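J.: coords below, sequence missing:
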């Protein structure tokens, strides 16, 4: 009986580990893609004559970040 509970605990722990691993992979992908899009928008604003501070603080550059987070 004890062997059965040990294997059940191991299976639950393995499943939980897999779920956590998937979450962190998704989080890393989410942050990477958003930083690439935000960086591209900031670079575009700088190319069109804005200073770095103006481009960095422009809330329109972060729309994609908020849009994706709402889903």
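T.: Nice, I can see it. Being a predicted model, the structure only gives us computed values, none of them experimental.

J.: right, and the helix or strand after the longest helix anywhere in the chain?
T.: If you go by DSSP state H, the chain has its longest helix at helix 2-47. Note on helix 2-47: by DSSP states H and E, the next helix or strand toward the C-terminus is helix 52-57.

J.: check which element follows that next one along the chain.
T.: helix 63-69.

J.: check which residues of that next one are buried.
T.: By 16 or more other C-beta atoms under 10 Å, the buried positions in helix 63-69 come out as residue 64. Quick note: C-beta positions are derived from backbone N, CA and C, even for glycine.

J.: mind checking the pLDDT average for that helix?
T.: For helix 63-69, mean pLDDT rounds to 79.

J.: list the contacts of it.
T.: The contact list for helix 63-69 (C-beta atoms under 8 Å, 6 or more residues apart in numbering) reads 30, 33, 34, 37, 38, 41.

J.: give me the nearest residue to the second one, chain neighbours excluded.
T.: Read it as residue 33. Excluding its sequence neighbours, the residue lying closest to residue 33 (C-beta to C-beta, 6 or more residues apart in numbering) is residue 68, at 7.9 Å.

J.: could you give the number of residues near residue 28?
T.: Around residue 28 there are 10 other residues, counting by other C-beta atoms under 10 Å.

J.: how much space separates it from residue 21?
T.: Per C-beta to C-beta, to the nearest Å, residue 28 is found 11 Å from residue 21.

J.: next one: residue 41
T.: Applying C-beta to C-beta, the value for residue 41 to residue 21 is 31 Å.

J.: for the nearest residue to residue 43 once chain neighbours are set aside, report the pLDDT, please.
T.: Leaving aside its chain neighbours, residue 43 sits nearest to residue 55 (7.9 Å; criterion: C-beta to C-beta, 6+ apart). Residue 55 is assigned a predicted lDDT (pLDDT) of 90.

J.: how close does residue 55 sit to residue 27?
T.: Counting by C-beta to C-beta, the gap from residue 55 to residue 27 is 26 Å.
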